[in-house]
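Colleague: 3D, please:
(one chain, ligands or ions: 1)
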Amino acid sequence: MKVICTEKSQILGTRLAASLGVDIADTRFARFPDGELYLRAGSLDDAMVCVGSVVDSDSLVELLLLLDACAGADTTLVIPYMGYARQDKQFNPGEPVSARAVARALSRGADRVITVNIHEDTVLAHFDAPAASVSLAPDIGALIGTMGCADPLILAPDGGASAFAHAIANVGGWDCDELKKTRLSGDQVRIEPKSIDVAGREAIIVDDIISTGGTLATATGMLYEQGAAAVHAACVHGVLASGAYARLCHAGVRSITASDTIESACSRYSAADRIAAALRPIP
Ligand code: R5P
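Modeller: Modelled structure (predicted):
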């Protein structure tokens, strides 16, 4: 078995290879003069693990090319972050189910698929190969345990993230709550924990994705108004779009933690061991 990865997943890909105790393929990436992507994989094996987060359109095409380069091998596709997964239904007439389109295109070249904290488990059914999603909740919990927060309060930004937040809080036996948004007027909302007082406490808001960080920034300001001692943010996928990092720092978020499913300066823990463990039981 060998691991091969796209350019934007080279750190996680290499860590995964180390965790599995196998080689990482040396791949050359370039562009044709017209902008088309080119790649050339080094020597391959009968069993390949193709690793590539879909963070933009180029990384999607690169992953398709990588899978094609592995044609003929038994291929496990690892999509650490699957962009387009949030368009998982037709919200308006005429829209595509983008998650389905991406899943179908990618799974043509794969014998099995592993994702990490996929936005909704229903997306897994769109792959034309057996697919599973692993959760990094225990890993976020372990990282929070090293942050030196005394008695942290783990907060889900909404009900949808509540199970994820509880899984994280269980690691350290910490308090857990979800944020509740109350509309006060046309342009005013109040955001506060549903039932636990945040005054004097270090709050850690946890979510699968931090994209624009909009809600998180508003919530942070309000938690400070309610007396929070500090607010931190932790997620699996640090998309950090549209100036999210600066927005969150400006709002007073003390630390922003993400995994290496999207490689950035905020990547403070790795999905590699969790993915390696999941590779074994899938048929
Ligand atoms: C939404 O369902 C996701 O779980 C995240 O809460 C969302 O993607 C975060 O987006 P943003 O950072 O733009 O508020």
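Colleague: the bottom helix or strand of the protein by mean pLDDT?
Modeller: strand 188-193 (a mean of 89; mean pLDDT, DSSP states H and E).
Colleague: Give me the next element, helix or strand, following that one.
Modeller: Helices and strands here follow DSSP states H and E; after strand 188-193, the next one along the chain is strand 202-210.
Colleague: quick one: the next helix or strand after that following strand to strand 202-210, angle?
Modeller: As assigned by DSSP H and E, the chain's next helix or strand after strand 202-210 is helix 214-225. With axes from the mean of the first three to the mean of the last three Cα atoms, to 10 degrees defining the directions, helix 214-225 sits at 180 degrees from strand 202-210.
Colleague: Tell me how many other residues surround the nearest residue to Ala85 once chain neighbours are set aside.
Modeller: Leaving aside its chain neighbours, Ala85 sits nearest to His119 (4.3 Å; criterion: Cβ to Cβ, 6 or more residues apart in numbering). Quick note: C-beta positions are derived from backbone N, CA and C, even for glycine. Neighbourhood size, His119 [other Cβ atoms under 10 Å]: 21.
Colleague: Got the domain ranges for this protein?
Modeller: By the assignment in automatic domain parsing, the chain contains the domains 2-134, 137-269.
Colleague: the strands in the stretch 101-250 of the chain, which residues?
Modeller: 112-116, 131-134, 153-156, 175-185, 188-193, 202-210, 230-238 (DSSP state E, counting those that start in this stretch).
Colleague: what about the second one, near the ligand?
Modeller: If I follow you right, that is strand 131-134. No - on the criterion Cβ under 6 Å from any ligand atom, strand 131-134 is out of touch with the ligand, staying 13.6 Å away.
Colleague: Tell me which strands that strand pairs with, and in which orientation.
Modeller: strand 112-116 (parallel) (DSSP bridges).
Colleague: go on, the fifth one?
Modeller: Strands that pair with strand 188-193, judged by DSSP bridges, come out as strand 175-185 (antiparallel).
Colleague: can you list the residues that contact the strand it pairs with?
Modeller: Here strand 175-185 makes contact (Cβ atoms under 8 Å, 6 or more residues apart in numbering) with 151-159, 161-162, 165-166, 168-169, 189-196, 205, 219.
Colleague: so which of the residues you listed also contact the ligand?
Modeller: Among these, the ones lying near the ligand by Cβ under 6 Å from any ligand atom are Pro157, Ala161.
Colleague: Mind checking which of the contacts of strand 175-185 are buried?
Modeller: Listed as buried from the contacts of strand 175-185 are 152-157, 161-162, 165-166, 168-169, 191-193, 205, 219; burial here means 16 or more other Cβ atoms under 10 Å.
Colleague: residue ranges of the helices in the chain, please?
Modeller: Applying DSSP state H to the chain gives helices spanning 10-20, 57-69, 98-107, 137-145, 162-172, 214-225, 244-251, 272-279.
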